[in-house]
Structure formats: structure tokens, C-alpha cells
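Peer 1: can't give you the sequence, but here's the structure:
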């Protein structure tokens, strides 16, 4: 199962959990499962980039996950 980690801002919507393990083949299924379990995260999840195993993706929708994958939600960066 991939493990998704939450920042302290996000863990306020997870009942204080800092991480959960979820079986999902791709990032979008992982995020759907997270939002289903923690509906308060829904408005924030779509606004964040996703880091999978240390690599940050602006659009990680179809990135494949491995059972040992580590996933982090991170604020998007804006260049300019």
C-alpha cells in the first residue's frame, strides 16, 4: 500500500493523522480514496502538487504507485 503523508495544515482535516496507507494503483485513485475518507481535504487536494517518491508533479493524475511508494501533498509553486 502506498503511504500518503499530510502536512500539519492538512492533518487538521484527518483527525490528526499524519499519514495513512492506501492501496491504489495510480495517484488519482489514491486521492479519490483520501477525499472519500477525509472529505474536509477535498477543496485543498486539487490545489496541491503531488510528490511521489521524492519527485514533484504538477499533474500526477496517472502516475503509477508501487506498494512502497511515499506520497506527499505539497503547495504548488508559482514562477514569475
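Peer 2: On my side now, so go ahead. Since the structure is predicted, the reported quantities are computational estimates derived from the model, not experimental observations. Numbers count the residues shown, from 1 in each chain.
Peer 1: pull the contacting residues for the closest residue to residue 76 other than its chain neighbours.
Peer 2: Counting by C-beta to C-beta, 6 or more residues apart in numbering, residue 49 is the residue found nearest to residue 76 once chain neighbours are left out, at 4.8 Å. Just so you know, the C-beta spots here come from the backbone N, C-alpha and C atoms, and that holds for glycine as well. With contact taken as C-beta atoms under 8 Å, 6 or more residues apart in numbering, residue 49 is in contact with 56, 57, 58, 60, 73, 74, 75, 76, 77.
Peer 1: what of residue 9?
Peer 2: Not one residue lies near residue 9 by C-beta under 8 Å, 6+ apart.
Peer 1: on that earlier part again, hmm, which of the contacts of residue 49 are the buried ones?
Peer 2: When those are checked for burial by 16 or more other C-beta atoms under 10 Å, the buried set is 60, 73.
Peer 1: could I get the contacts of residue 49 as JSON lines with distance to residue 30?
Peer 2: JSON lines is the format used below for the contacts of residue 49 (distance: C-beta to C-beta, whole Å):
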{"residue": "56", "distance to residue 30": "16"}
{"residue": "57", "distance to residue 30": "13"}
{"residue": "58", "distance to residue 30": "17"}
{"residue": "60", "distance to residue 30": "9"}
{"residue": "73", "distance to residue 30": "10"}
{"residue": "74", "distance to residue 30": "15"}
{"residue": "75", "distance to residue 30": "18"}
{"residue": "76", "distance to residue 30": "18"}
{"residue": "77", "distance to residue 30": "22"}
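Peer 1: list just the nearest of the contacts of residue 49 to residue 20.
Peer 2: Ranked by distance to residue 20 (C-beta to C-beta), the contacts of residue 49 are led by residue 73 at 12.0 Å.
Peer 1: surely that closest one meets residue 47?
Peer 2: No. Assessed by C-beta atoms under 8 Å, residue 73 is found out of contact with residue 47, at 9.4 Å.
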